[in-house]
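A.B. asks: Requesting a structural model of the entry that follows:
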Amino acid sequence: DHRNVYVAVAEVGAASPKRGAGGLAAIDLKTGAIRWNKPAPQSTCAAAESGCTQPQAQAVTVMPGVVFSGSVDGHLRAFSTIDGYPVWDFDTARDFQTVNGKDARGSALDHGGPTIVGGIVYVNSGHADGKDRPGNVLLAFSVDGK
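C.D. replies: Now for the predicted structure:
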């Protein structure tokens, strides 16, 4: 935005469901000072679930007042640009019925960030070739649910 650059940090190699890794930071564009720095939210994965950790590995996307950040455990979250407080959380690591009637599964969010067009947030969840947590679904979110 016009004041900050927002950076998600993954530290994937250091992550486990029990130990936090990474997070999200807002850095002042003019001074380089860190305005806020929040650790990655606690993972909701079961400890035995392979490949499921909380690092925010996906590229972030910003719109006025909100920064979207996806994590390896499949959560797409929206954080306030003012203080980094989480304002929305959606677990994409689950089964979905698609518009064409085919079953699909979401999973890790760690490639290209969400795209926002015409007030709709689009995000790809999962990997078609994922070894630990396969999945591949394109999701669309809007304020009015259409």
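A.B. asks: Give me the neighbour count for Thr98.
C.D. replies: For Thr98, the neighbour count with other Cβ atoms under 10 Å is 11. For every residue, glycine as well, the C-beta is placed using N, CA and C.
A.B. asks: where does it land on pLDDT?
C.D. replies: Looking at Thr98, its pLDDT is 88.
A.B. asks: can you tell me the helix or strand for the closest residue to it other than its chain neighbours?
C.D. replies: Distances taken as Cβ to Cβ, 6 or more residues apart in numbering place Ala104 nearest to Thr98, at 5.0 Å, with adjacent residues excluded. Take DSSP states H and E as the rule and Ala104 turns out to sit in strand 103-105.
A.B. asks: same question, Trp88
C.D. replies: Using DSSP H and E, Trp88 falls in strand 86-91.
A.B. asks: Parallel or antiparallel, list what pairs with that strand.
C.D. replies: Each strand paired with strand 86-91, and its direction, by DSSP bridges: strand 75-80 (antiparallel).
A.B. asks: Just the C-alpha atoms of the strand it pairs with, please, in PDB.
C.D. replies: Extracted in PDB, the C-alpha atoms of strand 75-80 (Å, rounded to 0.1, in the frame of the first residue of the first chain):
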ATOM      1  CA  HIS A  75      -5.400 -21.500   5.900                       C
ATOM      2  CA  LEU A  76      -6.000 -18.300   4.000                       C
ATOM      3  CA  ARG A  77      -6.100 -15.400   6.500                       C
ATOM      4  CA  ALA A  78      -6.800 -11.700   6.300                       C
ATOM      5  CA  PHE A  79      -4.900  -9.400   8.600                       C
ATOM      6  CA  SER A  80      -5.400  -5.800   9.400                       C
END
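A.B. asks: ok, and what's touching the strand holding Ala104?
C.D. replies: Under the contact criterion Cβ atoms under 8 Å, 6 or more residues apart in numbering, strand 103-105 has outside partners Ala93, Arg94, Asp95, Phe96, Gln97, Thr98, Gly126, Pro134, Gly135, Asn136, Val137.
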